[in-house]
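Colleague: below are the sequence and a predicted model; questions follow.
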Amino acid sequence: MKRKKVFVAVMGGVLSMGLVGASAATLGTLSGAGLGADDQVVAGCDTDGVTVGYTTAYSAAAQTYQVTAVNFTGVNAACNAKAASVSLRNGTTNLGTTSVASITVAANAFSVTLGAAVTASSVNGLSLVISG
């Protein structure tokens, strides 16, 4: 009798896993341009990394240098005409995010002019997302 209960419990678990697996298999309707409740490889337009530089200007009012634009080089041409979002950080603190609807990659480079200047000495990190 005990053996029969173990068999029923194991079969119940196997059947439950089969149902979960079957329902997960029906979620495969996503494309590389969207994310959701499915596993999907989202290929990047540039897989070997980019180099970052900053455009700065002295602010007499703030008496400090300010970052006014972020410049990216070594960018694959496949990223041309895609949307981009740049966030400057100080540790985990977001100092400002600027998003653009479309970047122009020319000579493997593009720049994003910031919506608001950021104190240069505060910047110790950057996040870049290219999507579309």
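Modeller: Looks like it came in fine. Numbering: from 1, shown residues only.
Colleague: count of neighbours near G91?
Modeller: 9 (other C-beta atoms under 10 Å). Every residue, glycine included, has its C-beta placed from N, CA and C.
Colleague: quick one: residues contacting it.
Modeller: Residues in contact with G91 (C-beta atoms under 8 Å, 6 or more residues apart in numbering) are N124, G125.
Colleague: mind listing the helices for this structure?
Modeller: In the chain, the segments counted as helices under DSSP state H are 2-25.
Colleague: residue ranges with poor pLDDT in it?
Modeller: Low-confidence regions of the chain, defined here as pLDDT under 70, cover residues 1-43.
Colleague: so which residues of it form strands?
Modeller: Assigned by DSSP state E, the strands in the chain fall at 51-59, 64-73, 83-90, 93-100, 109-119, 125-131.
Colleague: right, and those - which one's nearest G44?
Modeller: strand 125-131 (7.5 Å; C-beta to C-beta).
Colleague: packing partners for that closest one?
Modeller: Packed against strand 125-131 by the contact rule (3 or more C-beta pairs under 8 Å, 6 or more residues apart in numbering; DSSP states H and E) you find strand 64-73, strand 83-90.
Colleague: just put those strands in JSON lines and tack on distance to V100 and mean neighbour count.
Modeller: Below are the helices and strands packed on strand 125-131 laid out as JSON lines (distance: least, C-beta to C-beta, whole Å; neighbours: other C-beta atoms under 10 Å):
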{"stretch": "strand 64-73", "distance to V100": "11", "mean neighbour count": "18"}
{"stretch": "strand 83-90", "distance to V100": "5", "mean neighbour count": "18"}
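Colleague: CSV please, covering the ones you listed and showing distance to A120.
Modeller: What follows is these, written out as CSV (distance: least, C-beta to C-beta, whole Å):
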stretch, distance to A120
strand 64-73, 4
strand 83-90, 10
